[in-house]
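[1] fold the following, please.
(2 chains)
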Number of protein chains: 2
Amino acid sequence: MADKILVFGAGGVGCIYAALLERGGASVTAVCRTNYAAVKENGLLIRSAKWGHIRTRPQAVRTVSEAASHGPFDYILVCSKAFPGTAALIKDAVTLGKTAIALAQNGIAIENEYAELYPQNTIISGVVYLPTTQVSPGIVEHGAPLEIFELGTFPHKASDEAKAQTKRLSELFLAGGSNAPVHDGDIQERRWNKLSLNASLNPITALTLCDDANFIRSSDHALDMIKNVMSEVGSIAAAAGHPNAVSKESIDDHMKRHVERLETGGKEPSMLVDIRNNRQIEVEAILGNTVRKAEELNVEVPYLKMLYVLAKARDFATMKNDQWKPIATVS
Amino acid sequence: MADKILVFGAGGVGCIYAALLERGGASVTAVCRTNYAAVKENGLLIRSAKWGHIRTRPQAVRTVSEAASHGPFDYILVCSKAFPGTAALIKDAVTLGKTAIALAQNGIAIENEYAELYPQNTIISGVVYLPTTQVSPGIVEHGAPLEIFELGTFPHKASDEAKAQTKRLSELFLAGGSNAPVHDGDIQERRWNKLSLNASLNPITALTLCDDANFIRSSDHALDMIKNVMSEVGSIAAAAGHPNAVSKESIDDHMKRHVERLETGGKEPSMLVDIRNNRQIEVEAILGNTVRKAEELNVEVPYLKMLYVLAKARDFATMKNDQWKPIATVS
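    Have a look, this model is predicted:
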């Protein structure tokens, strides 16, 4: 019988992974929000520089509890943005001791709340490089051939069953055409490396309203500032036991892509896109958890701290929860 | 004969000072931009919590060269925002060796370009506390009674004539009802103190789109971050020979006003107002010169550096000069 997979979060990444997994032989259910009607009616269309056009038709549902009737699930693939509290949202679709929960998200320490809530379940941590945009409901553009989805258990040392579930998920992805290897070492090393990119470029572009290329162009100090923030992430990673996660070479490698865009025109990182659309940004997953880890390990990270405080406030100005108060007006 | 004064920049501060100087007995000409027609027709109306209503009618002109025919001027009071290159704009109205140039502006090292361009003229540096808004052309609201304008020569050691010109300007202001003393010591000490406020709250609120109170409310780290930036300014000031310019007490004093607004609703610092209106912000006067001074004196100021780089980029995104390039679009 086909593996049953629930994809939670049908944005650009979620749609592509739902399509690839279905192509790889799995039976896929997708929790859709605003694109529910379109996906239910027409399925998914992926237009990709890597795979060409892919059309698939996952089982579209509106809620996790609606999804539960299509279970029990072998895997839940979490493709939503990483906000605190997301672990609880998938509860109705988790079969205790059976469903492996795989996270396709940015940030650091995002696995903890899943491990706490589902201690009997396998947690698979995934590090995604997949620049993509859902251009209209159910239609996803993947304009550059870049796609990597590295997998590993959380924590690194896990049961044989957990390792086998991770390997099986990788195989389904590979069968669908994805570049989704199980990482040899501790996947956290790769997570820290990805974080060096997300914790610098994402908040910097979101706060300045510059895409990557225009930010680099904005002053003589801009490029070095990105690299300095990346180095701070590397210092925390090293203190956390991953001395090779971020290196001068990995920083230069990442930045090469962005510097090249000085010629061709820049790109807008996801957090900048979120800010432009007045959407919540992943402050805690990308900056809050990072700064807290630095404090725990006594690593000085002034640039990250400043970005955290600013991004937190910028998010507050977007979301305006009930703590927000209007300004005083002149009498 | 009445002292002839040119006010350059007829925003909120410029309008109030033009009115006070005229009330103090001076003959005032004001360079107006968008409010020219209104000021020419109806003069100025100041509605103030300190002075009540003041109506005056300065000589309104559109340009500095038009102003020149109303000279020669004893003083030019520069009330425009402090942008690099402003010194050259007033050239046509400066009588070499006669006109004293008084700056009513924020920032640090803003006097240098005036001293270089007009080496024979007295430069008076002023530190302003005057929260105000021009609510419609020529009509200015001054909602709180706060007003201080401390004066001193630039540099501190200056000729007897320069000292006398500074004293005379102070007397004109005092006659008009202003709290405008000549500062006992080096006015740069007061400038650094004011800068501690401007270099922290201005860019922080501009980048986050939070007014002062909402920023403080945005996270547990917010208030301390402001204080940390203020401390960095204090460290530079100390290295520059002003060890008493910024102290724990002066920081707490400044922040007290902002913390009180947690109850009454916040206020938007001028740089935030500028950002909201897509106007150029005073990045170089407030942050660029400060960071360069820190580098010159080998003072570590990571928070100020981050704010400088971000504010520079945010300004680039607003002004979009010919260096700005559009983003690449998906094929």
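
[2] give the buried residues for stretch A:248-256.
    Buried residues in stretch A:248-256, defined by neighbour count with 16 or more other Cβ atoms under 10 Å in any protein chain shown: A:250, A:251, A:254, A:255. For the C-beta atoms, the positions are set from N, CA and C on the backbone; glycine is no exception.

[3] now stretch A:131-148
    By 16+ other Cβ under 10 Å, the buried positions in stretch A:131-148 come out as A:131, A:132, A:134, A:137, A:138, A:139, A:140, A:141, A:142, A:143, A:144, A:147.

[4] how much space separates the nearest residue to the second one once chain neighbours are set aside from residue A:135?
    Right, residue A:132. Nearest-residue entry for residue A:132: residue A:12, 3.7 Å, with adjacent residues in sequence omitted and distances by Cβ to Cβ, 6 or more residues apart in numbering or on different chains. According to Cβ to Cβ, to the nearest Å, residue A:12 and residue A:135 sit 9 Å apart.

[5] that older thread, looking at the buried residues of stretch A:248-256, which are in helices?
    A:250, A:251, A:254, A:255 (DSSP state H).

[6] spit out the contact partners of the last one.
    Contacts of residue A:255 were listed using Cβ atoms under 8 Å, 6 or more residues apart in numbering or on different chains, and they are A:223, A:226, A:227.

[7] show me what the helix or strand encompassing residue A:134 is packed against.
    In this structure, residue A:134 sits in strand A:133-136 according to DSSP states H and E. Contacts defined by 3 or more Cβ pairs under 8 Å, 6 or more residues apart in numbering or on different chains; DSSP states H and E place strand A:133-136 against helix A:12-23, strand A:139-142.

[8] tell me which of those sits most buried.
    Mean neighbour count (mean count of other Cβ atoms under 10 Å in any protein chain shown) peaks for helix A:12-23 among these, with a mean of 27.

[9] now do the helix or strand following it and helix A:12-23, the angle between them.
    Next in sequence after helix A:12-23, counting helices and strands by DSSP H and E, comes strand A:27-31. For strand A:27-31 against helix A:12-23, the angle by axes from the mean of the first three to the mean of the last three Cα atoms, to 10 degrees is 160 degrees.

[10] what about the helix or strand that strand A:27-31 is followed by, distance to the chain center?
    As assigned by DSSP H and E, the chain's next helix or strand after strand A:27-31 is helix A:36-42. Centroid separation for helix A:36-42 versus its chain: 24 Å, with Cα atoms, centre = their mean, to the nearest Å.

[11] ok, residues contacting helix A:36-42?
    A:10, A:15, A:30, A:32, A:58, A:60, A:61, A:62, A:136, A:137, A:138, A:139.

[12] in those residues, find the pair that's most separated.
    With Cβ to Cβ as the measure, no two of the contacts of helix A:36-42 lie farther apart than A:61 and A:136, at 20.2 Å.

[13] and the lengthiest helix in chain A, how far from the chain's centre?
    In chain A, taking DSSP H as the definition, the longest helix is helix A:187-208. Distance of helix A:187-208 from its chain centroid, counting by Cα atoms, centre = their mean, is 11 Å.

[14] and what of stretch A:145-153?
    Distance, centroid of stretch A:145-153 to centroid of chain: 11 Å (Cα atoms, centre = their mean).

[15] quick one: mean pLDDT for it?
    Stretch A:145-153 carries an average pLDDT of 96.

[16] and chain B, is that stretch touching that?
    No: applying Cβ under 8 Å from any Cβ of the partner chain, one finds stretch A:145-153 out of contact with chain B, separated by at least 11.8 Å.

[17] can you give me the angle the helix or strand where residue A:170 lies makes with strand A:27-31?
    Following DSSP H and E, one finds residue A:170 within helix A:160-176. Using the same axes, to 10 degrees, one finds that helix A:160-176 and strand A:27-31 are set 90 degrees apart in direction.

[18] so who does the closest residue to residue A:287 other than its chain neighbours touch?
    Spatial nearest neighbour of residue A:287, chain neighbours left out: residue A:308 (4.0 Å); criterion: Cβ to Cβ, 6+ apart. Residue A:308 is in contact with A:203, A:283, A:287, A:288, A:290, A:291, B:221, counting by Cβ under 8 Å, 6+ apart.

[19] circling back: tell me which residues in the longest helix of chain A are buried?
    Within helix A:187-208, the residues that count as buried by 16+ other Cβ under 10 Å are A:187-208.

[20] between the contacts of residue A:255, which has the most around it?
    Within these, neighbour counts (other Cβ atoms under 10 Å in any protein chain shown) peak at residue A:226, which reaches 25 neighbours.

[21] identify the residue spatially nearest to that one, adjacent ones excluded.
    Distance criterion Cβ to Cβ, 6+ apart; nearest residue to residue A:226, sequence neighbours excluded, is residue A:200 at 4.8 Å.

[22] likewise for residue A:205?
    Leaving out its chain neighbours, the residue that sits closest to residue A:205 by Cβ to Cβ, 6+ apart is residue A:272, at 4.3 Å.

[23] so that neighbour sits in a helix?
    Yes: counting by DSSP: H, G, I helix; E, B strand; the rest coil, residue A:272 falls inside a helix.

[24] gap between the residue nearest to residue A:226 and residue A:125?
    Taking Cβ to Cβ, one finds residue A:200 at 21 Å from residue A:125.

[25] which residues do residue A:12 and residue A:135 both contact?
    Shared contacts of residue A:12 and residue A:135, counting by Cβ under 8 Å, 6+ apart, come down to residue A:141.

[26] can you count the residues close to residue A:246?
    By other Cβ under 10 Å, neighbour count at residue A:246 equals 26.

[27] before we move on, what about residue A:91?
    Number of residues near residue A:91 (other Cβ under 10 Å) recorded here: 12.

[28] might you report the residue contacts of it?
    Contacts of residue A:91 by Cβ under 8 Å, 6+ apart are A:64, A:117.

[29] give me the phi and psi angles of it.
    phi -50, psi -50 (degrees, to the nearest 10).

[30] measure the closest residue to chain B within the stretch 51-200 of chain A to residue A:130 for me?
    Across the stretch 51-200 of chain A, the shortest distance to chain B (Cβ to the nearest Cβ) belongs to residue A:143, at 4.0 Å. Distance check for residue A:143 against residue A:130: by Cβ to Cβ, it reads 11 Å.

[31] how about residue A:162?
    Distance, residue A:162 to residue A:130, using Cβ to Cβ: 24 Å.

[32] what does residue A:262 give?
    23 Å.

[33] comparing those two, which shows the higher neighbour count?
    Between residue A:262 and residue A:130, counted using other Cβ under 10 Å, the more crowded position is residue A:130 (20 against 15).

[34] hang on, the more buried one packs against residue A:147?
    Yes: if you go by Cβ atoms under 8 Å, residue A:130 and residue A:147 touch, sitting 5.1 Å apart.

[35] can you list residues touching both of the two?
    Counting by Cβ under 8 Å, 6+ apart, the residues touching both residue A:130 and residue A:147 are residue A:16.
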